[in-house]
Each structure stands twice: as C-alpha cells, then as structure tokens.
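[1] sequence first, predicted model second:
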Amino acid sequence: MTSITSTSLSDGRELIYFDDAAAPKSRAAQLTTDHRGLPARGEPGEVRYDALADEWVAVAAHRQTRTHLPPADQCPICPTTAANPSEIPASDYDVVVFENRFPSLGPALGPVPEATSWGTKGPAYGRCEVVAFTPSHTGSFSELGETRARTVIEAWAHRTEALSALPGIKQVFPFENRGADIGVTLHHPHGQIYAYPYVTPRAGVLGAAARRFHDAHDGRDTLTGSLLRSEREDGSRMVLEGENFSAYVPFAARWPLEIHLVPHRQVPDLAALSGEEKDELASVYLNLLQRVDALYPTPTPYISAWHQAPLDPVLRPAGYLHLQLTSPRRAADKLKYLAGSEAAMGAFINDTTPESVAERLREVTLPSPTTSPAVLAATPEGAHA
Ligand SMILES: [Zn+2]
C-alpha cells in the first residue's frame, strides 16, 4: 500500500507525500516544517464568460510572475536543502502533490455564475495541484520504474476522489506537459491536476457525443467502449494490449502523434480503477511512454491528458476514463504548429497516417524489458486473438 501523509506549507497550501509501497518509511516521524514564511495567498483571478462560444475563459494575469525555467540549484520541486528551500520541505521523497503557488484556478472554491450573458464574470474558483513524480531533477516519466509509476497512479486516484468532492468542482484533469517545446516552465519531471468549476469545452464536446451514443443504445453501451472494440477488431492501429488496458492510434487521429490508452472496463475516473487495474496501468503506461521516447534520438514533447467523466449528472453516466497522449512532433526536426485551419477553425489536417504511426510505435526497440511480460505489443494479426 502506498503510504499517504498530508501536511501544509507556510502559506497554508496543502502538500501530500505519497511514499512507495515497496519502501515503507515513517513519513509522519520525519515530517519537517516549511520555514520560508511565504506571504498569504492571493485572491483568485477571474473567469469570464465568452458568450460567442458559450465557454468560460480563465484570466490569470498574476501568473506572469511565476517561476520560469529556474536553474537546477533553485528548482522548486527538488527536495529542500540548506541552499535551496524548495516547495517540498523534506530531504527526500517518492511522489509529492501540492497546491500550485501560482494557480490558474483557486485557491477559493465555489460555483461559476449560472445565468450567463455578455459581461458575466466571477472568481476563478477551483484548484491547481503539482505532482512531482520523482526527487530526481532530470529524467522522465518513462524512466520511473513500475513501483514509482504505481505510486503516481495512486496519487492521481487519491486526488481525483478528493478534488471531485470539493465544492463547485465539475471536472478533474490530471495531465503532464513534457518538453519545453510545448510550454513547460520547470524541467523537473512533474505533472499537474486541474480541478475546474465548469466542464471544459473539449470535455463538453466529447461528453455530449458519449451521451448521445449512450442514449441511442438505451444505456447499454458506451461510445469509448465501442471504439475500443472496433480498434481491437481492426487491429491496424493497435499499439499494445494488456489484460485490462489497450492502446491504439485512433482511426481519425488529429495530431502527428496521438495515442489513446483505454481501460477494458467502463469506469468514470482513475479513482474507480481496481488495485489490479492500477497495477497493470503502471506497466502499460510505462511501456507506452518508452515507445514514444524510442521514436526519435531526442525526447519527444507530449501532452498526456487523462479524460475523466465530468461531475455532471447528465454527462457522467456515459463517461469513460481514458488517456489521450498527443504530440506536435512530425519528424526528428519538425513540429506541427497549430495554424489557420487548426487554431482558427479546430479543423485538423494530419500529415501522417494513423496506421503508419501505430506501426512505428509497435516496432520500436525498447531500452530494457522493464515492463511486465503480460503487456504485449499488439500486431494486426494478434489483435484478433
Ligand atoms: Zn528539481
């Protein structure tokens, strides 16, 4: 069992240690205090209602002063030393989650206004958390090893359950931005979790499609589940298959590199996975990231995004947890930029075929067999088995 210990930083922010099951330590006995004496937390920014698109926009001008690519000896998520009193008041840790000091949303909580028209705005309620994957300043998720990856998954599940219970929260989104090319402001391997007071635009579109499919099948089938079956039967875009999870490049991939990792059982979110499923997820997810990292001689920037069912009574029954990993990289030295068609119209033009990307991901040579033999690279033929 992952050992979980909660404490608070000098400005009152919550910080939680998740210690690996394989190396039990008495975290409570060695809890240390954050002596930095940080100033009190500020008021939230604001959310403005975009009447033209029926969407909320968070305005977070105060974030302009946040830490941007600090040198390694001033890293805010390395363990604290005498010379670097970091965000984590411990000499070592396994996985840590803490409230972001410069949040886009929060720290105050509450609902967004219900009646909306031009000029509607409100406080940017919600919560933004940072997930430090490792005390090591360099490296990447794909190198964590199964024990540590399992601890991160336990942290995601724990935070999903806790954040979902906070007042006004409508969607919980764990994600990782990897690589300076896509706007990462800290090199230390980490992810984030956003808890929004509204259903985000993309989740709203996917959620509505899922709900329509669910209704058309009298609540007996899910859209994501049917796509998973179709992809597994077809086989040509499968990347890997396990007992409880499979990954594929979707039929209509929008990005040069896009992979969906889907549990075989419909669950709304990470908190609903069984222990056995979380164990396999650690192995499957590492295998997937190692394939991505093996595509090119240098690390590929990516956005790894957990789509969890919104906390909305209409959308949630049709919701189906899955991961969408996307990258703008289309060659060793080329990134796809979102230009006119994509950025202005949301109409994606993909210069790669999903089938060729899946084939490359199946055939890469992995650095070492760090993942469980139960996880096999799918083959077009084997996918039918
Ligand atoms: Zn660091």
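    Okay, I see it.
[2] mind listing what the residue of the stretch 201-350 of the chain found nearest the ion touches?
    Proximity of the stretch 201-350 of the chain to the ion (C-beta to the ion) peaks at residue 299, 16.5 Å away. No exception for glycine: its C-beta is placed from N, CA and C like everyone else's. Each residue near residue 299 by C-beta atoms under 8 Å, 6 or more residues apart in numbering is listed here: 140, 178-179, 293.
[3] quick one: it and residue 331, what's the gap?
    For residue 299, the distance to residue 331 equals 15 Å [C-beta to C-beta, to the nearest Å].
[4] could you do residue 361 as well?
    15 Å.
[5] more neighbours: which of the two?
    residue 361 (24 against 11; other C-beta atoms under 10 Å).
[6] list the buried ones in the helix or strand containing that one?
    For residue 361, the element it lies in under DSSP states H and E is helix 354-363. Across helix 354-363, burial judged by 16 or more other C-beta atoms under 10 Å covers 354, 357-362.
[7] where along the stretch 101-250 of the chain do the strands fall?
    Counting by DSSP state E, counting those that start in this stretch, the segments of the stretch 101-250 of the chain that form strands are 121-123, 127-132, 171-178, 190-196, 238-241, 245-248.
[8] of all those strands, which lies closest to residue 34?
    strand 127-132 (14.7 Å; C-beta to C-beta).
[9] can you list the strands that that closest one pairs with?
    According to DSSP bridges, strand 127-132 has the following sheet partners: strand 95-99 (antiparallel), strand 190-196 (antiparallel).
[10] how far is the shortest one from where the chain is centred?
    This means strand 95-99. Offset of strand 95-99 from its chain centre (C-alpha atoms, centre = their mean, to the nearest Å): 14 Å.
[11] the last one now?
    Remark: strand 190-196 is offset 7 Å from the chain centroid, using C-alpha atoms, centre = their mean.
[12] list the contacts of it.
    77, 97, 100, 104-106, 126-133, 141, 152, 156, 159-160, 163-164, 166, 169-177, 304.
[13] quick one: average pLDDT of that strand?
    Strand 190-196 carries an average pLDDT of 97.
[14] next, the buried residues of that strand.
    190-196.
[15] distance check, residue 4 against the ion.
    Going from residue 4 to the ion by C-beta to the ion, to the nearest Å gives 22 Å.
[16] sorry, that was for residue 107
    24 Å.
[17] go on, residue 27?
    From residue 27 over to the ion (counting by C-beta to the ion), the distance is 20 Å.
[18] next up, the contacts around that residue.
    Contacts of residue 27 by C-beta under 8 Å, 6+ apart are 3, 5, 17, 19.
[19] what are the structural domain limits within this protein?
    According to automatic domain parsing, the chain comprises the domains 3-35+45-201, 209-384.
[20] just how off-centre is the longest one within its chain?
    Shown here is domain 3-35+45-201, whose average C-alpha point lies 11 Å from the average C-alpha point of the whole chain (C-alpha atoms, centre = their mean).
[21] what's the span of that domain from first residue to last?
    End-to-end span of domain 3-35+45-201 (C-alpha to C-alpha, to the nearest Å): 36 Å.
[22] how about JSON lines for the strands of the stretch 101-250 of the chain, with distance to the ion added?
    Formatted as JSON lines, the strands of the stretch 101-250 of the chain follow (distance: least, C-beta to the ion, whole Å):
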{"stretch": "strand 121-123", "distance to the ion": "32"}
{"stretch": "strand 127-132", "distance to the ion": "8"}
{"stretch": "strand 171-178", "distance to the ion": "15"}
{"stretch": "strand 190-196", "distance to the ion": "9"}
{"stretch": "strand 238-241", "distance to the ion": "31"}
{"stretch": "strand 245-248", "distance to the ion": "29"}
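[23] which of those strands sits most buried?
    strand 245-248 (a mean of 26; mean count of other C-beta atoms under 10 Å).
[24] contact partners of it?
    228, 231-232, 237-241, 259-264, 277, 280-281, 284, 288, 358, 378.
[25] could you say which helix or strand holds residue 337?
    For residue 337, there is no host helix or strand (DSSP H and E).
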